[in-house]
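Participant: Show me the folded form of this:
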Amino acid sequence: MPPIALKLFPFLAWRNRVDRETLRADLLAGLVGAVMVLPQGVAYATLAGMPPEYGLYGSMLPAIVGALWGSSWHLMSGPTNATSLMVFATVSAIAVPFSPSYVAIVLTLNLMVGIIKLGLGVARLGSLVNFISTSVVIGFTAGAGLLIIGAQLRNFFGIDVPQQASFIAGLRDFATHLGAADPWVLAVGMFTLVASIVGRKAMPRVPYMLTGIVAGALFAWGLSLAGLAHVPTIGALPSAVPPLSTPEMSLHTWQALAPIALALTVIGLSEAISSARAVALRSGQRIDGNQEFIGQGLANIVGAFTSSYPTSGSFNRTGANYEAGARTPLACVFSGVLLLAILLLVRPLAGYLPVASMAAVLFIVAIGLIDMNAMRRVWRTSRADALTLAITFVATLTIRLEVAILVGVLASLLVYLNWATHPLVLRVAPDPSQQRRFRRTSPAAPLCPQLDMLRIDGALFFGSVEHIRDEIEAARAQCPAARHVLLIGTGVNLIDTAGAELLANLARQLREGGIELYLCKMRPEVLALLHRGGYLDAIGRDHVFVTKDIALAAIYAKLDSAKCAACNARIFDECQRTLPDGSLRDKPRPELTLLPSSG
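Facilitator: Numbering: from 1, shown residues only. Modelled structure (predicted):
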C-alpha cells in the first residue's frame, strides 16, 4: 500500500483487522451506540439551543468521518455535554437560541472549529496531547464517571428536579427530593440493571447493555398495558435524513466567532483525545494525536454542511462502544447507519425507550470508567502522579469538565518542572566487587579522604543550577578535607549556558580554595557546548576525561602520598599496592566487608 494512500485514507491501515467475527461484534456495538445516542443527541442539542434533530444529525455522518479518518478504534464522536454547554453559553449572547440566525451562526462556528482542528493535525501538532499524562486521564475519567452517575440519578429515580451544573449541588438536590422518587420508574431502572448483569453472564455474546435496554423497555411496556404506571420515555423523534446546510461566509461573522472557535477547539480536542486515550489504556492501542486531530477536524467540517452543531469525542458513548465489544471503527460506521435506519423505519418504537433504562445503562458505563486498580497502582508507584490524579479528579467534580483537563495538564507540568529542576547529586564510589562500576555510597561505606566523587543525574539548565549548586556545596561540607572533586556526567542529558556557567564558576571557586574540579564521562553534546562557549578553558582541558579509568589514573597521581600511606580505605585499584609517588605500600590492604548497594 503506497504511503500516500494511507495518509489520504488512514482507515486502510486497519483493513486486515476486519473479518466475520469483528463485523458481528462491530455491528452489535454499533446498534448499542445508535440506541444510546437517541436520548443523548436530543438532550444535548436542546442544551445547546439547537433544534433536537441537530443532535442526531451530528451522530451520523460526522461520527462516521471522525472514526474513519481518526486513529482510535473505539472513539465515537457526536454531541457532548461540554461542547453543548459551550455553544449555548457563547452563541446565546449573539443570537436567540433555536432561531434561524442562531442555527446559522452555530453551523458557521462548526466549520471554523473543523478548519482549526484540521490545521493543527496537518501541522503535526498532535504532540500537544502528550501533556495529558496517564494520571490525568485516570483521574479525569473517574471524575467523569461520577458526573455521569450524578447527572442520571434524577432520571433513574424519576425525580423531577432541574439539572445542576455542579456535582455537589446536584447531589444535594437529589438528596433533598429523594422522597419524591417514583417507585415505578425506579423499578424499571433496577430491572434494566439486573437484566444487564444477568445478560452479561448468561449471554456473553450479546452486548449486555443492549439486553438491559430491551428488557427495560419491555418491562415498562408491560406496566403500561397493565395500567399500573406510564413510565417516561424519550418521546417522539424526528424522521428525516440530515439535510444539506450552508454556513455563513461573512468576514465579520468569522471575526466575531474566532475566539469562540478557538475555545471550542481546545475543549473538543481535550474531550476527544482524553476519551480515546482512556479507552486505549484498556485496549492497549496507541493513539496518533495528529491523525485524531485530522479526523475530528474533518468531522466538524462535514457536520457544518450536513446540519450538525460542533461535535467531539464522547466519553460515555466511547466507553459503551468498547464495553459492547467493538473491535474496529466500523462500529461507529454501523452506529451512524443504524441510527438513520431507526429514525426512518422504527421511529415510533424508538420513542418507547424508557428514560430510566437509558440512565441505568449510563450507570454501567460510568462505573466502568472508575478504574480503582489503576488508581491504586498510581498511588503505589508515585506520590507525585497520585497528587496529579487527585487534583484532576477533584477538578472534574467541582469545575467545568473542559477546564478540569487543563487543570490536570497544569498539575502534570508543575510536577514535571519540580522534578526537572531538582536533579539528584549523589556521592558515589567504586563497587568493591566491581572496581570500575560506581554506585551510590551508603553511610558506612569507606570513602577516599582526598577525592570526592559526585554524580549528577539530570539536566544542567537554568532551572536546576541553583539546586545543583546547593547540593554540591552540601556534599562538600560533608567531606571538607578532600582537595579533589570529580563530577561524573553520565546522567547529564542536557546542558545550557547557565549550566555551563555553573561548572566554570564552580571550578574557579574551588581552585581559589586550593581544590581541583574534574569532569568525567560527559556526553559528546555536553562537551561540544562547553567547547563552543570556551568553558573548557575555564575548567581546564586537562581536567576533563573521557572514561573513569583515565580520570582516576590521572587524579591518583596528584594525591598526597603521605595521606595515602596512612589510609586504610583503598577503594581504588590504583591504591592497592602503590602510592601516588610510585613507591610500594609496606602494609597489605585490610579486609573490607562488602556493603549492599543502596542505589
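
Participant: use CA for all of it now, contacts and neighbours both
Facilitator: Will do.

Participant: what are the ranges of the strands in the stretch 51-200 of the chain?
Facilitator: Assigned by DSSP state E, counting those that start in this stretch, the strands in the stretch 51-200 of the chain fall at 77-78.

Participant: Can you read off the pLDDT for the closest residue to residue 491 other than its chain neighbours?
Facilitator: Setting aside the residues directly before and after it, residue 491 is nearest to residue 457 in space (CA to CA, 6 or more residues apart in numbering), at 4.2 Å. Looking at residue 457, its pLDDT stands at 92.

Participant: So for the helix of greatest length in the chain, mean pLDDT?
Facilitator: Ranked by residue count and defined by DSSP state H, the top helix of the chain is helix 251-283. Confidence for helix 251-283, expressed as mean pLDDT, is 86.

Participant: again, but for stretch 59-69
Facilitator: pLDDT averaged over stretch 59-69 gives 95.

Participant: Next: stretch 568-578.
Facilitator: 79.

Participant: again with stretch 220-228
Facilitator: On average, the pLDDT along stretch 220-228 is 90.

Participant: Show me what the helix or strand following the longest helix of the chain packs onto, helices and strands only.
Facilitator: Going down the chain from helix 251-283, the next helix or strand is helix 289-304, by DSSP states H and E. If you count contacts as 3 or more CA pairs under 8 Å, 6 or more residues apart in numbering; DSSP states H and E, helix 289-304 packs onto helix 61-69, helix 100-122, helix 251-283.

Participant: would you put the C-alpha positions of the first one in PDB?
Facilitator: By that I understand helix 61-69. C-alpha atoms of helix 61-69 as PDB (Å, rounded to 0.1, in the frame of the first residue of the first chain):
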ATOM      1  CA  LEU A  61     -22.100  11.400   9.100                       C
ATOM      2  CA  PRO A  62     -19.700  13.400  11.400                       C
ATOM      3  CA  ALA A  63     -19.300  10.300  13.600                       C
ATOM      4  CA  ILE A  64     -18.600   8.100  10.600                       C
ATOM      5  CA  VAL A  65     -16.000  10.500   9.200                       C
ATOM      6  CA  GLY A  66     -14.300  11.000  12.600                       C
ATOM      7  CA  ALA A  67     -14.000   7.300  13.000                       C
ATOM      8  CA  LEU A  68     -12.600   6.500   9.500                       C
ATOM      9  CA  TRP A  69     -10.100   9.400   9.500                       C
END
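
Participant: angle of it against helix 289-304?
Facilitator: Going by axes from the mean of the first three to the mean of the last three CA atoms, to 10 degrees, helix 61-69 is angled at 160 degrees with respect to helix 289-304.

Participant: Check which helices and strands helix 61-69 is in contact with.
Facilitator: Checking 3+ CA pairs under 8 Å, 6+ apart, helix 61-69 ends up next to strand 77-78, helix 289-304, helix 330-345.

Participant: Rebuild those as TSV, extending it with mean neighbour count, mean pLDDT and distance to residue 316.
Facilitator: TSV is the format used below for these (neighbours: other CA atoms under 10 Å; pLDDT from 0 to 100; distance: least, CA to CA, whole Å):
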stretch	mean neighbour count	mean pLDDT	distance to residue 316
strand 77-78	32	93	11
helix 289-304	28	94	17
helix 330-345	23	90	14
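
Participant: Mind putting the ones you listed into a markdown table with distance to residue 265?
Facilitator: As requested, the helices and strands packed on helix 61-69 are arranged in a markdown table below (distance: least, CA to CA, whole Å):
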| stretch | distance to residue 265 |
| --- | --- |
| strand 77-78 | 14 |
| helix 289-304 | 9 |
| helix 330-345 | 22 |
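
Participant: Nearest to residue 406, out of the ones you listed?
Facilitator: Each of the helices and strands packed on helix 61-69 has some distance to residue 406 by CA to CA; the shortest is helix 289-304, at 16.9 Å.

Participant: how big is the angle separating that closest one from helix 251-283?
Facilitator: 130 degrees.

Participant: chain center to the longest helix of the chain: distance?
Facilitator: From the chain centre to the centre of helix 251-283 is a distance of 15 Å (CA atoms, centre = their mean, to the nearest Å).

Participant: Equivalent analysis for stretch 338-345, please.
Facilitator: Offset of stretch 338-345 from its chain centre (CA atoms, centre = their mean): 35 Å.

Participant: low-confidence ranges in this structure?
Facilitator: 1, 129-130, 163-165, 205, 207, 236-240, 350, 400-402, 432-436, 586-599 (pLDDT under 70).

Participant: coming back round to it: looking at the helices and strands packed on helix 61-69, which is closest to residue 40?
Facilitator: strand 77-78 (9.6 Å).

Participant: what lines up beside that closest one in the sheet?
Facilitator: strand 312-313 (antiparallel) (DSSP bridges).

Participant: now the strands for the stretch 451-599 of the chain?
Facilitator: Under the criterion DSSP E, counting those that start in this stretch, strands of the stretch 451-599 of the chain are mapped to 451-457, 484-491, 516-520, 544-545.

Participant: by contact count, what packs against the shortest one?
Facilitator: This points to strand 544-545. Packed next to strand 544-545, using 3+ CA pairs under 8 Å, 6+ apart, are strand 516-520.

Participant: can you rerun that using 10 Å?
Facilitator: With contacts defined as 3 or more CA pairs under 10 Å, 6 or more residues apart in numbering; DSSP states H and E, strand 544-545 has these neighbours: strand 484-491, strand 516-520, helix 548-556.

Participant: Deepest in the core, which of those is it.
Facilitator: Comparing the helices and strands packed on strand 544-545 by mean neighbour count (mean count of other CA atoms under 10 Å), strand 516-520 comes out on top with a mean of 23.

Participant: Run the chain-centre distance for it.
Facilitator: For strand 516-520, the distance to the chain centre is 42 Å (CA atoms, centre = their mean).

Participant: Other residues contacting that strand?
Facilitator: 451-455, 482-490, 503-504, 506-511, 527, 536, 539-552, 555 (CA atoms under 10 Å, 6 or more residues apart in numbering).

Participant: cutoff 8 Å now
Facilitator: 483-489, 506-507, 510-511, 539, 543-548, 551 (CA atoms under 8 Å, 6 or more residues apart in numbering).

Participant: re earlier: between helix 100-122 and the longest helix of the chain, find me the angle.
Facilitator: Going by the same axes, to 10 degrees, helix 251-283 makes 60 degrees with helix 100-122.

Participant: list the buried ones in helix 251-283?
Facilitator: For helix 251-283, a neighbour-count test (16 or more other CA atoms under 10 Å) marks 254, 257, 260-262, 264-280 as buried.
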